[in-house]
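Asks: my questions are about this predicted structure, shown below with the sequence.
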Amino acid sequence: MLKAQEELDYKPGIYTQWESAYNMEDNICGCYISMEEFIKSPDNTVEKEFEVIIPIDDLLPFAAMKMFPNALFGNLTLEVKMAIQQNFVICQCKQETILNKISHISSSSYSGSDEIKDNITEVIKSDIYNIIKTNGEYHAFTQIGDSFNVHSFTGALRESQNIIVGKDTTVSFMITDGSLKYCRTNINGFNIKDSILNELITKYSSKELIIPSQYVDYQAFSQKPMTNGLKCNTTYAMTNVSSLMFLFPRTTNEVTCSRNPLLASLQLQIDNKPYPDKPFSSIEKSHTIYNITNAGLDNLFSPSKEFAYSLEYNEIDTNSIIGKAGNGKYIPPLKDNTSYCFLCSTERLSGYGTFCDGITKDNAHVTLSGTLLIPNNEHPYITNPLTKESNDRCPIMLVCQDCFWRCTLQGGCEYICNNKYFVKEKTGTD
């Protein structure tokens, strides 16, 4: 969610933007599945394979290893485990795009294709209620395991004559098994002259090579959201903590999906120090600027479309409130709004300009508080608009701290986290 839009655009196949998946583009990390495959499968199970590309510098411990002198310290070993089955997301593709692809395939593969193409053209023309182009489809990612509405007009191709009749179906997908078929690393390297290697050996025979790094820890609060808002407390041992991120899951399955909690006031306090200085609404402009600035996406690089939209999109139509406050109508998103986070920096522009060099404290008291934008049981953060289930998930705190690699010719490389040996990687060339 915190990747720059420029990086998402120019690294095809590594990241998946909702807009690309919705339009069935090729530059995604994942695969497309037809509902027909599930219908034809006896046990409603479909097996798919796709390639996943993970840049080494996307892994925070290796983010600063642009050049690693393995001729001196040996090779680092990275162990890959398949433990992310339920971290996947799914979305429905644009129905008009699917029709156009069917039309293109039909015109090049089947006899009588002109008749098929003409029928599809008539279907699009007869879409007088604009169902194919805009209505019905849920315009956001859904976490695997959660329910969402699939809007289909395939039955209408045979049944309708003058108008389109869309069909909504609530579906849920689960990943029952997953495995790594093969794994390959592509790392660019280069040789150096013997004279330079000897100079490096001489230099580091009595000196350490320090490579900066970062580590993210995960902790969920124990307090759930209530109809009057949030009041979450915890203690955490902080060491060189540079930023804290807060996610607001709404379902049991949500891991990577996080939406705006739609709070009228939102604030973090660490040992009574507020972030930001004054509480703000999670949909006001200052809240958007605060998060984008703390993410470092306010200058040379711009925030992703999903992140920016998630920061400011309001799912509650406050203009339709009737009578008492709290009767706002739910408005489904027009784009993906599942990339929300509340990001507080303790190093850069924390509290609108207050600079402090990280936080180190054995038992820091962390408080996250907020009041609902419209306090009632129908608030989207409290009650799921689709399933009407109550949200029993506590907010999640991600703590980012500065760490480093310490490499010596005698001991290999050690990963120092919390000012202690976190990983001691035995390298060396023997």
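Replies: Received, thanks.
Asks: for Leu262, what are its contacts?
Replies: Neighbouring residues of Leu262 by C-beta atoms under 8 Å, 6 or more residues apart in numbering: Ser282, Ile283, Asn314, Glu315, Ile316, Leu372, Leu373, Ile374, His379, Pro380, Tyr381. For glycine as for every other residue, the C-beta is placed from the backbone atoms N, C-alpha and C.
Asks: now, these that are in strands?
Replies: Judged by DSSP state E, the contacts of Leu262 include Ile316, Leu372 as members of strands.
Asks: so what's Tyr290 closest to, chain neighbours aside?
Replies: Leaving aside its chain neighbours, Tyr290 sits nearest to Pro276 (5.9 Å; criterion: C-beta to C-beta, 6 or more residues apart in numbering).
Asks: pull the number of nearby residues for Val216.
Replies: For Val216, the number of neighbouring residues by other C-beta atoms under 10 Å comes to 12.
Asks: how near is it to Ser243?
Replies: Distance from Val216 to Ser243, counting by C-beta to C-beta, to the nearest Å: 9 Å.
Asks: quickly list what's touching both of these two.
Replies: Here Val216 and Ser243 share the contacting residues Cys400, scored by C-beta under 8 Å, 6+ apart.
Asks: can you tell me which helix or strand Gln269 belongs to?
Replies: Of the helices and strands defined by DSSP states H and E, Gln269 is found in strand 263-270.
Asks: pull the distance from the following helix or strand past that strand to the chain's centre.
Replies: With elements assigned by DSSP H and E, the helix or strand that comes after strand 263-270 is strand 273-280. Offset of strand 273-280 from its chain centre (C-alpha atoms, centre = their mean, to the nearest Å): 25 Å.
Asks: buried ones in the first helix or strand past strand 273-280 going along the chain?
Replies: Following strand 273-280 in sequence order, the next helix or strand is helix 285-294 (DSSP H and E). The neighbour-count criterion (16 or more other C-beta atoms under 10 Å) identifies His287, Thr288, Tyr290, Asn291, Ile292, Thr293, Asn294 as the buried residues of helix 285-294.
Asks: what mean pLDDT does the following helix or strand past helix 285-294 have?
Replies: Next in sequence after helix 285-294, counting helices and strands by DSSP H and E, comes helix 305-312. Per-region confidence: helix 305-312 scores 94 on mean pLDDT.
Asks: quick check: angle from helix 305-312 to helix 285-294?
Replies: Here helix 305-312 runs at 140 degrees with respect to helix 285-294, directions being taken by axes from the mean of the first three to the mean of the last three C-alpha atoms, to 10 degrees.
Asks: can you spell out which helices and strands pack onto helix 305-312?
Replies: Here helix 305-312 touches helix 285-294, going by 3 or more C-beta pairs under 8 Å, 6 or more residues apart in numbering; DSSP states H and E.
Asks: ok, 10 Å please
Replies: helix 5-9, helix 18-22, helix 285-294, strand 342-345 (3 or more C-beta pairs under 10 Å, 6 or more residues apart in numbering; DSSP states H and E).
Asks: list the buried residues of the first one.
Replies: Neighbour counts over helix 5-9 (16+ other C-beta under 10 Å) mark Gln5, Leu8 as buried.
Asks: equivalent analysis for stretch 376-395, please.
Replies: Counting neighbours by 16+ other C-beta under 10 Å, one finds that the buried residues in stretch 376-395 are Glu378, His379, Pro380, Tyr381, Ile382, Thr383, Leu386, Asn391, Arg393, Cys394, Pro395.
Asks: give the contact list for the second one.
Replies: What that stands for is His379. With contacts defined as C-beta atoms under 10 Å, 6 or more residues apart in numbering, the neighbours of His379 are 225, 227, 229, 261-263, 315-316, 326, 328, 330, 372-373, 385, 391.
Asks: and if we set it to 6 Å?
Replies: His379 makes contact with Leu372 under the criterion C-beta atoms under 6 Å, 6 or more residues apart in numbering.
Asks: in this structure, which helix or strand is least confident?
Replies: Between all helices and strands in the chain, the lowest mean by mean pLDDT, DSSP states H and E belongs to helix 156-159, at a mean of 44.
Asks: what is the host helix or strand of Tyr236 packed up against?
Replies: Under the criterion DSSP H and E, the helix or strand holding Tyr236 is strand 230-247. Taking 3 or more C-beta pairs under 6 Å, 6 or more residues apart in numbering; DSSP states H and E as contact, the helices and strands that strand 230-247 lies on are strand 342-345, strand 359-372, strand 396-408.
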